[in-house]
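[1] When you get a sec, could you give me coordinates for this:
(one chain, ligands or ions: 2)
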Amino acid sequence: MNPLPVLNEGPPGVPFGDAPLMLESIPALQDEVRALAAERGAVILAHNYQLPEIQDVADYVGDSLGLSQRAAASEDETIVFCGVHFMAETASILCPDTTVLLPDLDAGCSLADSITAAQLRDWKAKHPAAIVVMYVNTTAAVKAETDYCCTSANAVPVVEHIRREHGDDVEILFGPDMFLGAYVEKTLGIRMHVWDGECHVHAGIRPGDISRVRAEHPGADFLIHPECGCSTSVMEYVAAGDIDSDGVHMLSTGGMLRYAREHQGGTAIVATETGMLHPLRRAAPDVDFIAANEAASCRYMKMITLPKVRDALRDGRPEVKVDADLATRARLPIERMVAIS
Ligand code: 13P
Ligand code: SF4
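    Ligands and ions are numbered 1, 2, ... in the order given. This is a model prediction of the structure:
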């Protein structure tokens, strides 16, 4: 597997290299951002892991699938993407005539970096008959080599669809996230070829975290993102009868929000990036949401700050634009995914 980047996370909530925003300056900045967005005909899309003050200023906040669907339906002149680079690329692929702004081009993703297009071509050459399923957390160049994209919200239905279309013996190359791949394999009781990539944030949520929070909060529900390093062990606890399967929910970030809207009271342990706690607590203020691991913060997501969003809207840059030929090839697997979801 590729070496993981060395990250200096800095104090929680404060992006590395950025001065902390004074609380009192947030409302004025948010007003400025909204006024500039109206002036530019821009829609602001934000991922669930974004800083609270960014989520609160966005037109749409969602998971990777919802953001792709919202971008695909966009008729706005400009999309300001508050998320990471591959998400802005996906928006550019789906809306080639729209200006897509990413307030900080360095907002990358360790998972997307765990496979390159050249590595995928080599893997395909070893399995020429295989169908390639790649998580949407990949570069446009990797998507261009892919048959179907998936997100955490639809990985299982996408693989089921492929097996219906191509038969149960179909060979599948699944990547780049090994924990999501293992989750799909266990859920469907099948074997695939799974790339050994991971997201450094989710992989860091370990089985030991689950044992600790379980002991501290007996009877709590579990909301677990399938990218987590603990996801396989939780499925094993359930299979062994150690944890009641009714209380365990393996969900995308959008699925976690649906859980919040449908529940009242009680405690839920949340195994994903800690930015998720903000929309969950807003959706269900009387549920006690507890992070499985308080240190699970994505430095890349937190690179997007209100001053950078304001500057991007004011200056019309930095822009993410995927080359037209590459975009045409990368669009097909995303459109196949959106059609299944
Ligand atoms: P979802 O929002 O699709 O669950 O993805 C999580 C993620 O890690 C995005 O970076
Ligand atoms: Fe990538 Fe992980 Fe950050 Fe999501 S949380 S953007 S998968 S590094």
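[2] What is the end-to-end distance of stretch 226-246?
    Using C-alpha to C-alpha, to the nearest Å, one end of stretch 226-246 lies 17 Å from the other.
[3] Can you point out the buried residues in it?
    With burial defined by 16 or more other C-beta atoms under 10 Å, the residues of stretch 226-246 counted as buried are 226-235, 237-238, 243. C-beta coordinates here come from the backbone N, C-alpha and C atoms, glycine included.
[4] again, but for stretch 320-332
    Buried residues in stretch 320-332 (16+ other C-beta under 10 Å): 320, 322, 326-327, 329-332.
[5] quick one on the thing from earlier: dump the buried residues of stretch 226-246 to TSV, plus distance to Glu165.
    Formatted as TSV, those follow (distance: C-beta to C-beta, whole Å):
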residue	distance to Glu165
Pro226	23
Glu227	26
Cys228	30
Gly229	32
Cys230	33
Ser231	27
Thr232	28
Ser233	33
Val234	31
Met235	27
Tyr237	34
Val238	30
Ile243	35
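[6] Show me the two of these that sit farthest apart.
    The span of the buried residues of stretch 226-246, defined through C-beta to C-beta, is set by Glu227 and Ile243 at 19.2 Å.
[7] In the stretch 1-150 of the chain, what residue lies closest to ligand 2?
    Cys109 (3.2 Å; C-beta to the nearest ligand atom).
[8] Contacts only, for the residue nearest to that residue when sequence neighbours are not counted.
    Spatially, and ignoring its direct neighbours in sequence, Cys109 is nearest to Val84 (4.8 Å; C-beta to C-beta, 6 or more residues apart in numbering). For Val84, the contacting residues are 47, 107-109, 112, 300-301, by C-beta atoms under 8 Å, 6 or more residues apart in numbering.
[9] Make sure the residue of the stretch 1-150 of the chain closest to ligand 2 is actually in contact with Met303.
    No. Contact criterion C-beta atoms under 8 Å: Cys109 and Met303 do not qualify, at 11.2 Å.
[10] what residues does the stretch 51-200 of the chain put near ligand 1?
    63-65, 137, 151-153, 199 (C-beta under 6 Å from any ligand atom).
[11] 8 Å instead?
    Proximity of the stretch 51-200 of the chain to ligand 1 (C-beta under 8 Å from any ligand atom) is limited to residues 62-67, 83-84, 87, 109, 111, 136-137, 151-153, 199.
[12] Who is Tyr61 paired with across the strands?
    For the record, residue 61 is Val, not Tyr. Beta bridges link Val61 to Ala46, judged by DSSP bridges.
[13] For stretch 100-113, what is the distance to the chain centroid?
    Taking C-alpha atoms, centre = their mean, to the nearest Å, one finds stretch 100-113 lying 12 Å from the centre of the chain it belongs to.
[14] Dump the buried residues of stretch 226-246 into TSV; add distance to Asp177 and secondary structure as well.
    Formatted as TSV, these follow (distance: C-beta to C-beta, whole Å; DSSP: H, G, I helix; E, B strand; the rest coil):
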residue	distance to Asp177	secondary structure
Pro226	8	coil
Glu227	5	coil
Cys228	10	coil
Gly229	11	coil
Cys230	14	coil
Ser231	10	helix
Thr232	12	helix
Ser233	16	helix
Val234	16	helix
Met235	15	helix
Tyr237	21	helix
Val238	20	helix
Ile243	23	coil
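[15] out of these, who's near ligand 2?
    Among those, ligand 2 is touched by Glu227 when using C-beta under 8 Å from any ligand atom.
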